[in-house]
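Undergrad: everything below, folded, please.
(one chain, ligands or ions: 1)
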Amino acid sequence: MKNYNILNNDYFCHVMRIDIITVLPSLLESPLSHSIIKRAREQSLVNIQIHDLRPYGKGKYRQTDDYPFGGGAGMVMMIEPIYRLIEKLKKERSYDEIIYTTPDGLPFTQKEANRLSCLRNIILLCGHYKGIDQRIRDHLITRELSIGDYVLSGGELAAAVVTDAVVRLLPGVLSDETSALTDTFQDNLLAPPIYTRPADFRGWKVPEVLLSGDPAKITEWEEKESLSRTERLRPDLLDPTMGSR
Ligand code: ADE
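TA: The predicted model follows:
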């Protein structure tokens with residue numbers, strides 16, 4: 001199937017594959033089995049494979065974590081199970097990125113979602129417990145992403161967030177492909193307010209201009225609202241020196 005990706009202005013003829021490695025596969029199944037992502041998977045617009053790390057664990061108990069060298073609280077995810085699974089996947093295909101979701105990663109942004117949506121095969125490794133052995137990060141991981149400055153109990157929800165944000169950008173996934181272009185953040189601006197019927201609910205009125213039927217005036221109003229909303233709520237998006245994400 002040949003697709004035209006409006007966001008990337010490029011031609012595509014592949015199905016993106018996302019391999020997710022986790023010790024809690026059931027935590028990921030549900031968020032990736034509904035609505036837009038469910039449809040995308042059913043229509044083979046994306047191939048998402050969730051891998052349970054446990055069978056790759058060590059010994060009789062399939063151990064995947066161990067105590068940290070040097071002491072301290074919490075367990076560390078061991079190298080061998082992760083290495084074994086990643087090497088197995090790498091033998092089957094080549095990967096453009098092997099991503100580790102971690103609170104000390106680079107901030108995950110719409111820009112990064114756009115970039116990832118142009119890739120063919122990616123692996124998402126979900127951290128757990130205290131984190132993973134640093135040598136995995138040094139030798140196997142090609143990118144580390146954080147979904148925000150807070151600590152989750154595992155990387156699964158972060159991997160689901162990254163996957164969702166990427167998959168909805170893939171060609172054919174949204175029914176109106178241009179709709180991703182008007183998303184909040186797509187051009188570093190928040191989206192304008194939106195309304196539906198009734199035009200007047202107990203005196204709460206929809207702005208007159210949206211009922212005018214004049215597309216040029218509506219666009220002008222939406223752009224003005226986008227800008228003023230961004231200035232008010234997220235000035236950092238307009239001024240990179242404020243630490244914009
Ligand atoms: N794992 C735990 N917290 C996380 C975060 N904020 N982003 C990505 N992965 C995480």
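
Undergrad: interface residues of this protein facing the ligand?
TA: Selection of the chain residues close to the ligand by Cβ under 6 Å from any ligand atom yields 101-103, 127, 146-148, 150-152, 155, 158. For the C-beta atoms, the positions are set from N, CA and C on the backbone; glycine is no exception.

Undergrad: do that again at 8 Å, thanks
TA: 101-103, 105, 108, 126-127, 145-155, 157-159 (Cβ under 8 Å from any ligand atom).

Undergrad: which of the residues you listed fall within strands?
TA: Among those, the residues falling in strands (DSSP state E) are 101-103, 105, 126, 145-146.

Undergrad: let me know the closest of those to residue 83.
TA: residue 126 (15.7 Å; Cβ to Cβ).

Undergrad: so what's the closest one bridging to?
TA: Residue 126 has these beta-bridge partners by DSSP bridges: residue 101.

Undergrad: domain-wise, how is this structure divided?
TA: 15-167, 182-242 (automatic domain parsing).

Undergrad: quick one: which of those is nearest residue 175?
TA: Closest to residue 175 of those is domain 15-167 (Cβ to Cβ; 9.1 Å).

Undergrad: show me what contacts the residue nearest to residue 41 when sequence neighbours are not counted?
TA: The shortest distance from residue 41 to any non-neighbouring residue, by Cβ to Cβ, 6 or more residues apart in numbering, is to residue 48 (6.0 Å). Shown in contact with residue 48 (Cβ atoms under 8 Å, 6 or more residues apart in numbering): 17-18, 20, 32, 37, 41, 163, 167.

Undergrad: one more: residue 28?
TA: Counted by Cβ under 8 Å, 6+ apart, residue 28 has contacts 20, 22, 50, 126, 156, 159-160.
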